[in-house]
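Student: what shape does this take:
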Amino acid sequence: MFRDLIEKAEVLVEALPYIRRFHDKTLLIKFGGSVMTDPELARLFAVDILLLRYVGINVVIVHGGGKEISKWMKKLGKDAVFVDGLRVTDEETLEIGEMVLSGKINNQIVSLINRNGGPAVGLSGKDAGLFVARKIRSKGGKDLGFVGDVQSCDVSLIRTLCEKGYVPVVSSVGCDENGETLNLNADSVASELASSLGALKLIYLTDVMGLLVDGELLPRADLSGAKELLGSSQISGGMLPKLEFSIRALEAGVAAVHIINGRVEHAVLLELFTKVGIGSMLSARLETSVD
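Tutor: Numbering: from 1, shown residues only. Here you go, the predicted structure:
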């Protein structure tokens with residue numbers, strides 16, 4: 001008679017050690033992939049974020065929006081140009097990008113979380129000097145225009161917001177020391193911000209299961225194993241930079257990086273609060289205890 005209720009209780013009991021471990025810790029989640037464009041997945045993501053917040057976990061969200069930027073560029077009659085996976089950003093593209101990232105996508109995420117019980121606050125890397133960045137070139141030395149990489153983070157505002165119970169939502173726009181606006185890679189921003197906050201975990205939401213090696217999901221790897229993969233031919237395409245940024249975060253003190261499929265309903269909760277998880281977890285060292 002009570003079997004269904006008992007099973008629900010067992011799910012909560014399974015989550016308890018993880019909730020206890022993560023309580024009052026900071027999780028950095030990079031919001032991306034199909035979850036950004038699927039209304040139902042986005043709603044479930046917002047619900048998951050609020051659950052994390054209400055069990056005492058500090059959640060910080062970083063987002064990009066490359067597909068949306070390209071869509072608006074096309075509407076305005078402008079072609080997107082990429083070099084080494086980075087968008088060449090002239091003044092007009094920068095203006096479009098900032099409008100889409102900070103004006104549209106950021107507001108949508110904040111509004112979604114607030115509608116489901118919030119509170120969330122939208123920021124860009126330009127607010128309160130959150131990011132100081134510098135211009136970069138492509139690996140081949142080509143000029144990318146107004147494209148940058150984070151050099152330093154001032155996370156005092158983020159900490160204050162988390163202490164007050166807010167969920168900061170950060171767009172991947174920053175400026176250099178002279179105040180010049182730069183477009184930033186959201187995966188890199190997530191790694192740098194997680195490191196600066198001393199986050200326990202960094203979670204990348206993607207459209208794939210996780211790290212695939214010879215077509216098979218790699219559930220876990222330690223730092224040395226991740227570095228071996230980086231130097232092999234087993235990882236390629238868009239997963240390579242995520243692996244690079246994951247290693248950078250681990251070396252800076254983040255305990256674990258998770259790469260998971262955001263198209264799975266409640267993906268974040270399944271990865272964090274179950275014994276097996278659903279994606280790939282990279283950590284400084286492999287552990288058999290609760291991670």
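Student: chain center to stretch 25-34, what's the gap?
Tutor: Relative to the centre of its chain, stretch 25-34 is centred 4 Å away, using Cα atoms, centre = their mean, to the nearest Å.
Student: okay, how far is it across that stretch, tip to tip?
Tutor: One end of stretch 25-34 sits 27 Å from the other (Cα to Cα, to the nearest Å).
Student: does Leu243 count as helix, strand or coil?
Tutor: Three-state assignment for Leu243 (DSSP: H, G, I helix; E, B strand; the rest coil): helix.
Student: tell me the pLDDT at it?
Tutor: Per-residue confidence at Leu243 stands at 94 (pLDDT).
Student: and the helices in this protein?
Tutor: 3-22, 39-54, 66-75, 91-98, 106-115, 156-163, 186-197, 223-230, 239-251, 267-273 (DSSP state H).
Student: now render those helices as a markdown table, adding mean neighbour count and distance to Val213.
Tutor: Using the backbone N, CA and C atoms, a C-beta is placed for each residue, glycine as well. What follows is the helices of the chain, written out as a markdown table (neighbours: other Cβ atoms under 10 Å; distance: least, Cβ to Cβ, whole Å):
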| stretch | mean neighbour count | distance to Val213 |
| --- | --- | --- |
| helix 3-22 | 12 | 26 |
| helix 39-54 | 18 | 26 |
| helix 66-75 | 16 | 26 |
| helix 91-98 | 18 | 34 |
| helix 106-115 | 19 | 32 |
| helix 156-163 | 16 | 34 |
| helix 186-197 | 25 | 20 |
| helix 223-230 | 16 | 7 |
| helix 239-251 | 20 | 10 |
| helix 267-273 | 22 | 19 |
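Student: Ser172 is nearest to which of those?
Tutor: helix 186-197 (4.0 Å; Cβ to Cβ).
Student: and the gap between the nearest residue to Ile260 once chain neighbours are set aside and Ala267?
Tutor: Spatial nearest neighbour of Ile260, chain neighbours left out: Gly279 (3.3 Å); criterion: Cβ to Cβ, 6 or more residues apart in numbering. Going from Gly279 to Ala267 by Cβ to Cβ, to the nearest Å gives 8 Å.
Student: any shared contact partners between those two?
Tutor: Contact with both Gly279 and Ala267 is made by residues Ile260, Asn261, according to Cβ atoms under 8 Å, 6 or more residues apart in numbering.
Student: low-confidence stretches in the stretch 151-291 of the chain?
Tutor: Counting by pLDDT under 70, the stretch 151-291 of the chain shows low-confidence ranges at 286-291.
Student: great, nothing more from me.
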